[in-house]
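J.: quick one, what's the 3D model for this:
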Amino acid sequence: MHDLLAMRKSFTQDGVLMSFNGPFSHSIIEEIGNAIKHYLEGENINKGAVTDVFGVYIEQTQNVRNYLARRAFAGSERNSAIVVIAIVDGLHVVSSGNVVLKSDAADLAARLDEINALDKDGLKRFYKEKLRAERAPDAFGAGIGLIDMARRAKGKIEYSFVSLDAGHDFFSLSVKVAGA
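T.: Numbers count the residues shown, from 1 in each chain. This is a model prediction of the structure:
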């Protein structure tokens with residue numbers, strides 16, 4: 001915390017509206033979500049854009065929280081995550097990052113690549129198909145959160161993995177949605 005002014009200038013330069021770094025609890029997700037929603041509504045952003053930004057934020061943060069809980073990262077430094085909402089080139093960009101097991105990275109990348117390969121009609125069909133499909137007992141979820149984000153996105157979902165150690169990567173996910 002040596003130079004908050006430099007951090008503030010960097011955030012302003014990068015269009016950052018909000019950033020949170022730390023453990024995601026249900027109450028933190030809810031409070032930040034409400035603050036974002038109220039802020040955007042106060043900025044006279046159209047209702048559809050507010051809904052898209054809020055929806056993508058909720059999906060990302062819940063996915064992170066649920067993943068970290070399932071992987072029993074609670075109580076460790078790996079339990080911390082980051083979420084950032086910014087305006088870049090006239091679009092809202094909702095980004096999140098968290099530690100993942102290397103053993104989960106390939107499957108996650110494959111699901112994202114499958115989703116990114118679809119057009120809007122394909123996403124709609126895939127979403128409906130996933131809603132109707134029976135879930136495997138060991139499945140993390142219905143798998144519709146990523147599809148929902150892609151349906152709201154302007155462009156493809158961007159993601160990356162950075163190696164942290166032999167068993168863990170840092171996963172980053174960014175979704176561009178309606179502009180200001």
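J.: how far away is Ala166 from Gly155?
T.: To Gly155, Ala166 is 34 Å away according to CB to CB, to the nearest Å. Just so you know, the C-beta spots here come from the backbone N, C-alpha and C atoms, and that holds for glycine as well.
J.: which one of these two is surrounded by more residues?
T.: Gly155 (12 against 6; other CB atoms under 10 Å).
J.: looking at it, Leu112 is touching Leu146, isn't it?
T.: Yes. Counting by CB atoms under 8 Å, Leu146 is a contact partner of Leu112 at 6.6 Å.
J.: got any residues that touch both of these two?
T.: When contacts are counted by CB atoms under 8 Å, 6 or more residues apart in numbering, Leu112 and Leu146 are jointly contacted by Ile157.
J.: list the contacts for Val175?
T.: 56, 60, 93-95, 149-150, 152-153, 157-158.
J.: ok, how many other residues are close to Ile32?
T.: Using other CB under 10 Å, Ile32 is surrounded by 19 other residues.
J.: got phi/psi on Ser172?
T.: Per-residue torsions, Ser172: phi -120, psi 140 (degrees, to the nearest 10).
J.: neighbours of it, how many?
T.: Neighbours of Ser172 using other CB under 10 Å come to 16.
J.: any idea how far Ile144 is from it?
T.: Ser172 sits 21 Å away from Ile144, going by CB to CB.
J.: ok, Ile29 next?
T.: Using CB to CB, Ile29 is found at 18 Å from Ile144.
J.: buried residues, the top helix by length along the chain. List them.
T.: Determined from DSSP state H, the single longest helix within the chain is helix 47-70. Of all the residues in helix 47-70, those buried under the rule 16 or more other CB atoms under 10 Å are 49-65, 67-68.
J.: also stretch 110-122?
T.: Residues 112, 115-116, 118 are the ones in stretch 110-122 that count as buried (16+ other CB under 10 Å).
J.: next: stretch 36-49.
T.: Residues 36-37, 40, 45, 49 are the ones in stretch 36-49 that count as buried (16+ other CB under 10 Å).
J.: CA atoms only: put the host helix or strand of Tyr39 into PDB for me.
T.: In this assignment (DSSP states H and E), Tyr39 forms part of helix 26-42. Extracted in PDB, the C-alpha atoms of helix 26-42 (Å, rounded to 0.1, in the frame of the first residue of the first chain):
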ATOM      1  CA  HIS A  26     -21.900 -14.900  -0.600                       C
ATOM      2  CA  SER A  27     -22.400 -11.600   1.200                       C
ATOM      3  CA  ILE A  28     -19.400 -10.000  -0.500                       C
ATOM      4  CA  ILE A  29     -20.600 -11.100  -3.900                       C
ATOM      5  CA  GLU A  30     -24.100  -9.700  -3.100                       C
ATOM      6  CA  GLU A  31     -22.900  -6.400  -1.700                       C
ATOM      7  CA  ILE A  32     -20.500  -5.700  -4.500                       C
ATOM      8  CA  GLY A  33     -23.200  -6.700  -7.100                       C
ATOM      9  CA  ASN A  34     -25.700  -4.400  -5.600                       C
ATOM     10  CA  ALA A  35     -23.200  -1.500  -5.500                       C
ATOM     11  CA  ILE A  36     -22.300  -2.200  -9.200                       C
ATOM     12  CA  LYS A  37     -26.000  -2.300 -10.200                       C
ATOM     13  CA  HIS A  38     -26.800   1.000  -8.300                       C
ATOM     14  CA  TYR A  39     -23.700   2.700  -9.800                       C
ATOM     15  CA  LEU A  40     -24.600   1.700 -13.400                       C
ATOM     16  CA  GLU A  41     -28.200   2.700 -12.900                       C
ATOM     17  CA  GLY A  42     -27.000   6.100 -11.600                       C
END
